[in-house]
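> sharing a model prediction with you, sequence too.
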2 protein chains.
Amino acid sequence: MVLKMLWINIDKESEISLVMQVYKGIKSYILDCKLVAGQKLPSTRSLAMQLGISRNVILDVYEQLTAEGYVESKHGSGTRVADGVGLNRLPNKVYPQLLAREGKNSEDGLIDFRSGVPALELFPKKEWGKLLKEACDEASIQFLGYNSPEGIMELRREISEYLFRVRGIDCLPEQIFITSGATQGASLISKLLYNPDASINVEDPTNKGIFKVISSGYGINTIPVDSEGLMTEFLNEDSNVAFTYVTPSHQFPLGGILSAKRRIELINYARETKSYIIEDDYDSEFRYDGHPVSSIFELDPQRVIYIGSFSKIFAPALRLGYVILPDSLSKSFTKIKVFSDVHTEAFVQIAMAKYIKNGSLLRHINKMKKVYVKRRKVLIEELKANFESKVIISGKSTGLHIVAEFLKYEFSESFVQKAIRHGVRVYPVEYHAIKKGNHTNKLLMGYGHLSEACIKEGILRLKSVFL
Amino acid sequence: MVLKMLWINIDKESEISLVMQVYKGIKSYILDCKLVAGQKLPSTRSLAMQLGISRNVILDVYEQLTAEGYVESKHGSGTRVADGVGLNRLPNKVYPQLLAREGKNSEDGLIDFRSGVPALELFPKKEWGKLLKEACDEASIQFLGYNSPEGIMELRREISEYLFRVRGIDCLPEQIFITSGATQGASLISKLLYNPDASINVEDPTNKGIFKVISSGYGINTIPVDSEGLMTEFLNEDSNVAFTYVTPSHQFPLGGILSAKRRIELINYARETKSYIIEDDYDSEFRYDGHPVSSIFELDPQRVIYIGSFSKIFAPALRLGYVILPDSLSKSFTKIKVFSDVHTEAFVQIAMAKYIKNGSLLRHINKMKKVYVKRRKVLIEELKANFESKVIISGKSTGLHIVAEFLKYEFSESFVQKAIRHGVRVYPVEYHAIKKGNHTNKLLMGYGHLSEACIKEGILRLKSVFL
């Protein structure tokens, strides 16, 4: 049962090495049972001659096949196919929809009032590139290895200083934990506080994406919001609550600022129920009338978990954020962060530390604020000019979006689809509502990423949808 | 009840703005109930005079306090403290151990035989910095925003090509999903396949860290390993198994290569039990005797989930890895990735795509391989010279570590501590064993990051521990 001939397709021009080509050829025969257990392969010399290639190639291949156990070589008795190495192989099928995903960017020209996207055309590409390069140049060996899960101390220090200056938050660098974006922060905290009998309090409406991230496995208590944010009188003190998720400086999506009185009530509620407050401070830096609203965190650092993000003030692509934690949670947070992704990418951390330290971040925020003030003004003016007294605007004091309420109107999915056909994408607030039916006449309108001309054109298109 | 005087500490030299200083001062009085509900604040004019600062500052402060709801202003009746805004404030305590964490790097001079750390002194800092900068310069607006959770297509394409060349793996870019390191890949897959009644099969011993990441909530079946890797005869076909976690190209930690026969058995087992195989291919690129061992993935892409990482071949600091998924899991994987961190940092993805595309990664791997061959040689020679026939070395064909078995010895925690006092850190294999007691005489010795001189000195120190 000696095999004299073994036909293998060889392409001497190929990028794939000859060894790999021959190896794959023989292995395929074995896996597909075209060569069976005990069968003897041609001698290296004879196979080399047959295929017209060097004998060393065949020696390499046989060695590899032996190491992997597909064949067995015994001195004097040649190389034989091993036992039990045939397999019914299935093709590597790929569903067609998977392949169709690419190149879906056919919506050119659509004006998209998506919320929460900053003016990325003003992203300081040159400076950021320079800082990343500096971070590389200066990288120590230790830095290139595994870094600490809490984040790199330089960045934690800079954030601590930044928060003190910009948000009036007084905390130590050691209380700040770097995350791969605010979503990761919310996700890890939700897991950390999980117990199967607990429920959570969430604002309604609330960010639909974050809601999915934090609510998995919990019972849900929806708490309505009004122009002063979360309506604390609806908090239920009897339930076993893990945490209350709030956006106090700019309620998402409606835009209210949580009043001082309700802040105090919320803190007292958390103390009484021994639950936590997750303060998502997603776009507080952009307050247009006066200073940023202060955080709840400063009212009780032992009850409030603060989530911050660089996505809105800088760029989502970085996936960089942080949480400030009560000491009681810091150890378990570190553990869960290690299990999640060990630590956040290190170069981006150093670049951001440098960017804050040299004052660029503050300058960038101030510059962006001026841009957003103008865009906000145009959006409000255009809405008023086109819809007059039929539109009421709220949530405009902070952030990158407003809420436009249209009297006696209901935004349906078919409206949204019609709008797309008119070249404009809009987002009903109802999309973010947990209990449906209370916000059907409101649109959430993001303007941070749209030029003034785009906003004007977008509102004209929106008007045409109503006609 | 008009308040005529209000003492606030003002520091005109401070970095904190006057507005913020006065705001914080008054808010503190209100929160601490030193100013109570209904109490009237001094007029802006009189407070400005008292504090010797501009009246505009006080106007700003009162406006901010009004916006946040700490005070109420009515025309004609002045500014009064609002109702219900006092709070029993607690100090922001920080546990001492939290503060002690920094600057723990007092172990200078310790020679650390930790496994899995590459030779980071050879990391191409200049080139990587340049590529990151290029990625910035070329960044489009879309790129700076939220990117696709599956990863950036340029990188997926390059990895697909790379895998075909280096690992003989034939898969489409669309089957490759970028992760923030291999740990994240393992963590997400474990969650994805979770069901409360399922158990998992794991090699024993196995990587202790990854074991914690993947095993949460599952029943555990430990499968022993020998010099040919996972002993498939111990796989139990009756149990409800979600997946089998294996390291076929270099069993961690013992170093065996999973034989072809066992690979086939494992595939057939997964097919019969409708379970998955997680193939962690953590350091397969560094095979010293012949080509890299081929993957299990290629034997059945519908049953095998392949996990790859750039930590070992490039640098852990990047937190960059990938998984190749069967189509049946791709949609739910994308979802769970979004919930975890939306997507992996974008600049590092582009830089890596460029680094693979221009051929640098392959050159880097080849360069590193030569370095590791030398270090491995020195480590083995030194072990043999110092411990002679008392030491047996295994797992040396691949990767960045070997296993040294010391005849008639038991490595206890006190040995490890004594070794540290002798200036050398070693890792008993037993540390990674789930069932204890079978590997007490073995050390796992990483050498990738240690210079030849360090290795020599380290073995001398190790010898002194035995004396």
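Noted; the coordinates are in hand. Residues are numbered from 1 along each chain as shown, chains lettered A, B, ... in the order given.

> low pLDDT regions in the stretch 101-250 of chain A?
For the stretch 101-250 of chain A, the stretches flagged by pLDDT under 70 are A:101-108.

> one more time with 80
A:101-108, A:238-239 (pLDDT under 80).

> where along it do the helices fall?
A:125-137, A:141-144, A:153-167, A:182-192, A:208-215 (DSSP state H, counting those that start in this stretch).

> point out the most buried one among those helices.
Comparing those by mean neighbour count (mean count of other Cβ atoms under 10 Å in any protein chain shown), helix A:182-192 comes out on top with a mean of 24. Placement of C-beta: from N, CA and C, glycine included.

> show me what it is packed against.
The helices and strands touching helix A:182-192, judged by 3 or more Cβ pairs under 8 Å, 6 or more residues apart in numbering or on different chains; DSSP states H and E, are strand A:176-179, helix A:208-215, strand A:241-246, strand A:276-280, strand A:304-309, strand A:321-324, helix A:327-341, helix B:327-341.

> of the helices of the stretch 101-250 of chain A, which is nearest B:Ile152?
Nearest of the helices of the stretch 101-250 of chain A to B:Ile152, taken as Cβ to Cβ: helix A:125-137 at 16.5 Å.

> so which elements touch the closest one?
By 3+ Cβ pairs under 8 Å, 6+ apart, helix A:125-137 packs against helix A:346-357, helix B:125-137.

> wait, which of those helices is closest to B:Phe406?
The nearest among these, by Cβ to Cβ, is helix A:346-357 at 36.7 Å.

> before we move on, back to that, B:Tyr23 is nearest to which of the helices and strands packed on helix A:125-137?
helix A:346-357 (22.9 Å).

> so does the closest one get close to chain B?
Yes. If you take Cβ under 8 Å from any Cβ of the partner chain as the test, helix A:346-357 does meet chain B, through A:346-348.

> got it, and stretch A:69-81?
Yes. For stretch A:69-81, a contact with chain B is found by Cβ under 8 Å from any Cβ, at A:69-70.

> span of that stretch from start to end?
9 Å (Cα to Cα, to the nearest Å).

> what sits up against it?
A:2, A:26-27, A:30, A:35-41, A:43, A:62, A:65-66, A:82, A:85, B:228, B:257, B:259-263 (Cβ atoms under 8 Å, 6 or more residues apart in numbering or on different chains).

> list only buried entries from the residues you listed.
A:26-27, A:30, A:35, A:39-41, A:43, A:62, A:65-66, A:82, A:85, B:228, B:257, B:259-263 (16 or more other Cβ atoms under 10 Å in any protein chain shown).

> flag every residue of the stretch 251-400 of chain A that's near chain B.
Contact residues (Cβ under 8 Å from any Cβ) of the stretch 251-400 of chain A with chain B: A:257, A:259-265, A:267-268, A:289-291, A:293-294, A:299-302, A:315-320, A:327, A:330, A:338-348, A:397.

> make a markdown table out of the helices and strands packed on helix A:125-137 and add distance to B:Lys208.
Listed next are the helices and strands packed on helix A:125-137 as a markdown table, based on distance: least, Cβ to Cβ, whole Å:
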| stretch | distance to B:Lys208 |
| --- | --- |
| helix A:346-357 | 23 |
| helix B:125-137 | 30 |
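
> for A:Leu120, which of those is the nearest?
helix B:125-137 (12.5 Å).

> ok so, going back, go through the helices of the stretch 101-250 of chain A and name the closest to B:Gly437.
That would be helix A:182-192 among those, by Cβ to Cβ, at 33.6 Å.

> send over that closest one as CSV, restricted to the C-alpha atoms.
Provided in CSV are the C-alpha atoms of helix A:182-192 (Å, rounded to 0.1, in the frame of the first residue of the first chain):
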residue,chain,number,x,y,z
ALA,A,182,-19.0,55.9,29.0
THR,A,183,-21.0,52.8,27.7
GLN,A,184,-18.4,50.5,29.2
GLY,A,185,-18.6,52.4,32.5
ALA,A,186,-22.3,52.0,32.6
SER,A,187,-22.2,48.4,31.6
LEU,A,188,-19.6,47.4,34.2
ILE,A,189,-21.3,49.3,37.0
SER,A,190,-24.7,47.7,36.2
LYS,A,191,-23.0,44.2,36.4
LEU,A,192,-21.2,45.2,39.6
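
> tell me which of the buried ones among the contacts of stretch A:69-81 fall in helices.
A:26-27, A:30, A:62, A:65-66, B:260-263 (DSSP state H).

> farthest-separated two in those?
Most distant of those, by Cβ to Cβ, are A:Tyr62 and B:Arg262, 20.3 Å apart.

> so which of the helices and strands packed on helix A:182-192 is nearest B:Gln184?
Per Cβ to Cβ, nearest to B:Gln184 of the helices and strands packed on helix A:182-192: helix A:327-341, 4.3 Å.

> by contact count, what packs against that closest one?
strand A:176-179, helix A:182-192, helix B:182-192, helix B:208-215, helix B:327-341.

> buried residues, it. List them.
Buried residues in helix A:327-341, counting neighbours by 16+ other Cβ under 10 Å, are found at A:327, A:329-330, A:333-334, A:336-341.

> re the thing from before, TSV please, covering the helices and strands packed on helix A:182-192 and showing distance to B:Ala404.
Formatted as TSV, those follow (distance: least, Cβ to Cβ, whole Å):
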stretch	distance to B:Ala404
strand A:176-179	37
helix A:208-215	46
strand A:241-246	48
strand A:276-280	48
strand A:304-309	46
strand A:321-324	42
helix A:327-341	28
helix B:327-341	38
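
> wait, which of these is closest to B:Met368?
Evaluated with Cβ to Cβ, the helices and strands packed on helix A:182-192 place helix A:327-341 nearest to B:Met368, the distance being 24.2 Å.

> what about that closest one, average pLDDT?
Mean pLDDT, computed over helix A:327-341, is 94.

> got it, and stretch A:418-431?
pLDDT averaged over stretch A:418-431 gives 96.

> assign A:Thr79 to helix, strand or coil.
Assigned with DSSP: H, G, I helix; E, B strand; the rest coil, A:Thr79 falls in the strand class.

> buried sites along the longest helix anywhere in chain A?
Assignment by DSSP H gives helix A:360-387 as the longest helix of chain A. For helix A:360-387, the neighbour count (16+ other Cβ under 10 Å) marks A:361-362, A:364-365, A:368, A:371-372, A:375-376, A:378-380, A:382-383, A:386-387 as buried.

> show me what the helix or strand following it is packed up against.
As assigned by DSSP states H and E, the chain's next helix or strand after helix A:360-387 is strand A:391-394. Packing partners of strand A:391-394 (3+ Cβ pairs under 8 Å, 6+ apart): helix A:360-387, strand A:401-406.

> touching chain B at all, the last one?
No. Contact between strand A:401-406 and chain B, assessed by Cβ under 8 Å from any Cβ, is absent, since the two come no nearer than 15.0 Å.

> now for that strand, which elements pack on it?
Where contact means 3+ Cβ pairs under 8 Å, 6+ apart, strand A:401-406 is packed against helix A:360-387, strand A:391-394, strand A:442-446.

> need the ones you listed in JSON lines with distance to A:Ser14, can you?
Below are the helices and strands packed on strand A:401-406 laid out as JSON lines (distance: least, Cβ to Cβ, whole Å):
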{"stretch": "helix A:360-387", "distance to A:Ser14": "50"}
{"stretch": "strand A:391-394", "distance to A:Ser14": "65"}
{"stretch": "strand A:442-446", "distance to A:Ser14": "51"}
